[in-house]
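Engineer: Fold the stuff below for me.
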Amino acid sequence: MEDEKTRVIRQHTRPINPADSSRAGEIGPGKLINNRFRLEYMLGRGGMGVVYAARDLRKEELGDADSHIAIKLLSEEVRHQPNALRMLQQECKKAQGLAHPNVVTVHDFDRDGEIVYMTMELLVGKPLDKYIADREIAAAEQDTPEDFSKPLSIIAGIVQGLAYAHKRGIVHFDLKPGNVFITDDGTTKILDFGIARAVRASGEETANDAPTLGGAIALTPRYASLEMFHGMQPDLRDDIYALAIISYQLLAGEYPFGELSALVVQNNNLLPERIRGLTDRQWKGLMGGLALEREDRTGSVEEFLEAISPRQIDRRYWLAVGAATTAIAVSLFFWLQPPQIVAPSLFENPLPAAELTETDKNRVGQLLEVAEVHMMVGRLISPAGANALDVYNQVLNMHPYDRKAIQGLKTLLDNLAQAAELAINDEKYRRAEELINSGLEIYPKHTQLLNLKQQIIEVPS
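Structural biologist: Predicted coordinates for the structure are as follows:
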């Protein structure tokens with residue numbers, strides 16, 4: 001049975017005409033890049049270039065079942081800009097180091113003659129700008145009270161990806177809905193880290209202070225901070241301004257300043273219309289991100305998310321916000337295969353962890369951060385994709401008896417127990433039993449899970 005990615009490829013791909021490969025100067029479906037990547041269909045086009053879905057023929061030769069990738073072919077203006085390729089290569093190298101569930105995976109940056117390209121994972125779903133447009137239409141048709149849970153979960157996904165990058169000193173510099181993607185499983189992914197920054201650094205300034213590249217603006221005016229227009233050094237608060245604009249769009253269904261740039265907003269002393277349904281605290285938090293002056297703006301993306309999130313949230317709400325869309329109690333309902341069993345000795349009599357090299361320490365630290373994100377968004381033990389259990393096991397394979405990984409596993413089991421307890425309270429005993437059994441397969445001696453299992457056994461049939 002074909003998976004979703006294969007189905008999408010098949011729907012969009014036409015049979016390749018032999019004449020395609022003979023069009024030496026043309027780029028389009030059927031074109032072979034670097035004797036390796038066969039273009040299938042166009043995914044999108046922007047100021048930086050065009051993106052295609054493609055097949056990696058080398059992977060196919062090696063028998064890899066999933067050879068589909070996305071490939072961005074940089075525009076001629078970008079290719080011919082002085083220093084652009086060197087800076088783009090540097091930024092792509094940074095992006096390759098961002099191993100995070102909410103950041104698109106960048107594979108490589110290379111060239112084939114005059115063609116300069118970067119390859120990345122192929123995503124199935126829709127870009128956030130399309131999601132926002134569809135949501136506006138649906139809201140207009142339904143005319144129902146606004147539900148902020150889905151927008152806030154998307155914002156949380158963006159924040160998690162940005163926070164991970166910001167801790168590593170990487171600023172996106174062109175955050176906008178077109179550079180955010182919502183996959184079909186509800187995961188929020190950020191694309192194109194650092195590309196606009198590299199292009200701008202190699203470009204020229206125009207009379208109106210908007211960085212350009214061969215006539216193409218290297219920033220997106222609606223989402224660019226005031227400091228970006230003035231050519232100031234990139235700062236994580238530039239991303240916070242763009243994040244606040246996107247958040248306003250998601251929460252209100254419209255742009256806060258009528259699609260005007262920060263320069264025009266400042267010159268005309270404009271203020272956004274207050275969003276109905278937000279508390280005073282949430283509205284103040286949103287305005288903190290929209291502050292025009294950098295020193296007045298919220299200091300971190302985590303602070304911004306905390307400020308706009310509902311304060312009084314019971315644990316049912318947090319269990320309902322998983323992987324940016326679904327409840328943990330639902331997202332855990334995917335028992336396609338049993339989870340990997342963890343040795344009981346890890347919990348009962350952990351030994352001192354061995355010393356690591358500096359390189360391995362950094363890798364373990366990165367893995368633990370990724371595992372923490374999986375935990376936050378509810379991807380605990382899903383065999384269908386990346387999840388906290390797999391990442392903790394990677395850490396323990398590198399660093400047996402790592403205390404943070406062991407504690408993470410204990411927290412994972414406690415979360416399973418909480419989800420099972422909620423299911424029991426809702427009289428969803430079958431779901432509770434599956435949650436409990438999954439946890440006990442990881443660690444058969446978990447006291448709370450054993451007690452909950454006994455509680456289900458005693459329920460009258």
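
Engineer: Now the closest residue to residue 309 other than its chain neighbours: phi and psi?
Structural biologist: Excluding the flanking residues, the one nearest residue 309 by C-beta to C-beta, 6 or more residues apart in numbering is residue 152, at 6.3 Å. C-beta coordinates here come from the backbone N, C-alpha and C atoms, glycine included. Reported as degrees, to the nearest 10, the phi and psi values for residue 152 are phi -70, psi -30.

Engineer: how about residue 152, what does it touch?
Structural biologist: 251, 308-310, 321 (C-beta atoms under 8 Å, 6 or more residues apart in numbering).

Engineer: neighbour-wise, which of the residues you listed leads?
Structural biologist: residue 308 (29 neighbours; other C-beta atoms under 10 Å).

Engineer: If we only consider the contacts of residue 152, which is nearest to residue 360?
Structural biologist: residue 321 (33.3 Å; C-beta to C-beta).

Engineer: what's the pLDDT at that closest one?
Structural biologist: On pLDDT, residue 321 comes in at 40.

Engineer: sorry, back to before: adding distance to residue 85 and secondary structure as columns, could you present the contacts of residue 152 in a markdown table?
Structural biologist: Formatted as a markdown table, the contacts of residue 152 follow (distance: C-beta to C-beta, whole Å; DSSP: H, G, I helix; E, B strand; the rest coil):
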| residue | distance to residue 85 | secondary structure |
| --- | --- | --- |
| 251 | 39 | helix |
| 308 | 39 | helix |
| 309 | 41 | coil |
| 310 | 46 | coil |
| 321 | 41 | coil |
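
Engineer: would you list those residues in a markdown table and tack on distance to residue 58?
Structural biologist: Below are the contacts of residue 152 laid out as a markdown table (distance: C-beta to C-beta, whole Å):
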| residue | distance to residue 58 |
| --- | --- |
| 251 | 44 |
| 308 | 45 |
| 309 | 45 |
| 310 | 49 |
| 321 | 39 |
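
Engineer: for this structure, what helix or strand is lowest in average pLDDT?
Structural biologist: Ranking every helix and strand in the chain by mean pLDDT, DSSP states H and E puts helix 328-331 at the bottom, with a mean of 32.

Engineer: Mind picking the two most distant members of the contacts of residue 152?
Structural biologist: Taking C-beta to C-beta as the measure, those reach their widest spread between 251 and 321, a distance of 15.3 Å.

Engineer: nearest to residue 230, of the contacts of residue 152?
Structural biologist: After measuring the contacts of residue 152 against residue 230 - C-beta to C-beta - the closest member comes out as residue 308, at 26.8 Å.

Engineer: contacting residues for that closest one?
Structural biologist: Residue 308 makes contact with 152, 155, 247, 278, 282, 285-286, 289, according to C-beta under 8 Å, 6+ apart.
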